[in-house]
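Asks: any chance you can model this:
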Amino acid sequence: MDCLFCSIVDKVIPSNIIYEDDLLLSFTDINPQAPIHFLIIPKKHIKSLDTMENDDLELISHIFKVIPKLAKQQGIEGGYRVVNNCGKNGGQTVDHLHFHVLGNREMLWPPG
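Replies: Numbering: from 1, shown residues only. All right, here's what the predicted structure looks like:
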């Protein structure tokens, strides 16, 4: 499998890791859209939200339990945005489920 994020999980491609456990990896975005911008990904390869299976629900729950802890660690617990791009028209450029966490600037709406 030729997946950028799987290569990051396997430490073949270096990244600035801010969190890791048995299920997840989080690292800073190489093209940040906010002063604080990191990604959180499952270590298990899941293409997108559309391809999740029932067995993945506990993993997704774990991701959303970790996000507030990382937001606090990164100093953005007062306000941040969590984004998931799903599919080509949704702006997904890497076919591995991931969530962007952005903070330390005012988030506008609609996001565009």
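Asks: give me the contacts around the longest helix seen in the chain.
Replies: Longest helix in the chain, counting residues (DSSP state H): helix 57-73. Here helix 57-73 makes contact (Cβ atoms under 8 Å, 6 or more residues apart in numbering) with 18-19, 21, 23-24, 26, 38, 40, 42, 44, 46, 52, 77, 80, 82, 99, 101, 103. Every residue, glycine included, has its C-beta placed from N, CA and C.
Asks: just checking, residue 81 is part of a helix?
Replies: No - judged by DSSP: H, G, I helix; E, B strand; the rest coil, residue 81 forms no part of a helix; its state is strand.
Asks: beta-bridge partners for it, please?
Replies: residue 102 (DSSP bridges).
Asks: was I right to think it contacts residue 105?
Replies: No - here residue 81 lies out of contact with residue 105, judged by Cβ atoms under 8 Å, at a distance of 9.7 Å.
Asks: what touches both of the two?
Replies: In contact with both residue 81 and residue 105: residue 34, using Cβ under 8 Å, 6+ apart.
Asks: identify each buried residue in the longest helix of the chain, please.
Replies: Neighbour counts over helix 57-73 (16 or more other Cβ atoms under 10 Å) mark 59, 60, 63, 66, 67, 70, 71 as buried.
Asks: next one: stretch 89-101
Replies: Neighbour counts over stretch 89-101 (16+ other Cβ under 10 Å) mark 92, 94, 95, 96, 97, 98, 99, 100, 101 as buried.
Asks: which parts of this protein are helices?
Replies: Under DSSP H, the chain gives helices at 4-9, 57-73.
Asks: what helices or strands is the first one leaning on?
Replies: Helices and strands touching helix 4-9, by 3 or more Cβ pairs under 8 Å, 6 or more residues apart in numbering; DSSP states H and E, are strand 24-28, strand 36-42.
Asks: and residue 23, what does it touch?
Replies: 42, 43, 44, 59, 62.
Asks: just residue 28 next, same as before
Replies: By Cβ under 8 Å, 6+ apart, the contact set of residue 28 is 15, 16, 18, 37, 38, 39.
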